[in-house]
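Colleague: just coords:
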Ligand SMILES: [Zn+2]
């Protein structure tokens, strides 16, 4: 009974309080609905570097290197690329140089690697192949081994162990080394 009297007497005040609560709830509810949507729409404009899409491309001043590791001597040859990869993505850069693997890829540096059989271009390789004794050297630009010359040789000059070594290929720093080896074998 007392409660009813209180309601009657404070009708206006209660109505005001209820209205306020309703407005607050509406504000909260609409905020929950609108808030996340706005955030989702704004997200792409906060990502100019392409981090969300994951597409990174090479900058015009990027350094491009080609690293070739040679299996027989363990040396590595590093060549600086002179063609620009500007604007290319990792996938596009990989397609531009078939046979190479990308080891490093960032906006300002791209490193391609390749493993090559045989010796690096520094060496002269004496090799017995198909019955012919030749001096071979790896080409500095194609990284393919080329025969520089064919030498006269006699069966008696090498024993079976030396022959096996020659078939595998013996590396020398220069042609003088090759000559010295052949002279000692003949004597
Ligand atoms: Zn080497």
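Modeller: Okay, I see it. Remember, predicted model here, so these are calculated numbers, not experimental data.

Colleague: for residue 146, name its beta-bridge partners.
Modeller: For residue 146, the beta-bridge partners under DSSP bridges are residue 137.

Colleague: quick check, it in contact with residue 137.
Modeller: Yes - contact criterion C-beta atoms under 8 Å: residue 146 and residue 137 qualify, at 6.3 Å. In this view, the C-beta of every residue, glycine as well, is placed from N, C-alpha and C.

Colleague: who's more crowded, these two?
Modeller: Per other C-beta atoms under 10 Å, whichever of residue 146 and residue 137 has more neighbours is residue 137, with 19 against 11.

Colleague: the more buried one against residue 123, yeah?
Modeller: Yes - the pair residue 137 / residue 123 is scored as a contact, 7.0 Å apart, by C-beta under 8 Å.

Colleague: show the average pLDDT along stretch 104-120.
Modeller: Averaged across stretch 104-120, pLDDT comes to 95.

Colleague: how about stretch 171-184?
Modeller: Averaging pLDDT residue by residue across stretch 171-184 gives 95.

Colleague: next one: stretch 158-168
Modeller: So the average pLDDT for stretch 158-168 ends up being 95.

Colleague: check stretch 129-139 too.
Modeller: 96.

Colleague: that one: how far from the chain's middle?
Modeller: Distance of stretch 129-139 from its chain centroid, counting by C-alpha atoms, centre = their mean, to the nearest Å, is 34 Å.

Colleague: residue 103 and the ion, how far apart?
Modeller: Using C-beta to the ion, to the nearest Å, residue 103 is found at 20 Å from the ion.

Colleague: now do the strands in this protein.
Modeller: 63-70, 76-80, 101-106, 109-116, 124-129, 132-138, 145-151, 170-172 (DSSP state E).

Colleague: what residues does the protein have near the ion?
Modeller: 73, 75, 120, 122 (C-beta under 5 Å from the ion).

Colleague: chain neighbours aside, what residue packs nearest to the first one?
Modeller: Okay, so that is residue 73. Spatial nearest neighbour of residue 73, chain neighbours left out: residue 119 (4.8 Å); criterion: C-beta to C-beta, 6 or more residues apart in numbering.

Colleague: quickly note the distance from the one you found to residue 100.
Modeller: Going from residue 119 to residue 100 by C-beta to C-beta, to the nearest Å gives 20 Å.

Colleague: same question for residue 171.
Modeller: 25 Å.

Colleague: same check on residue 65?
Modeller: From residue 65 to residue 100 the distance is 11 Å (C-beta to C-beta).
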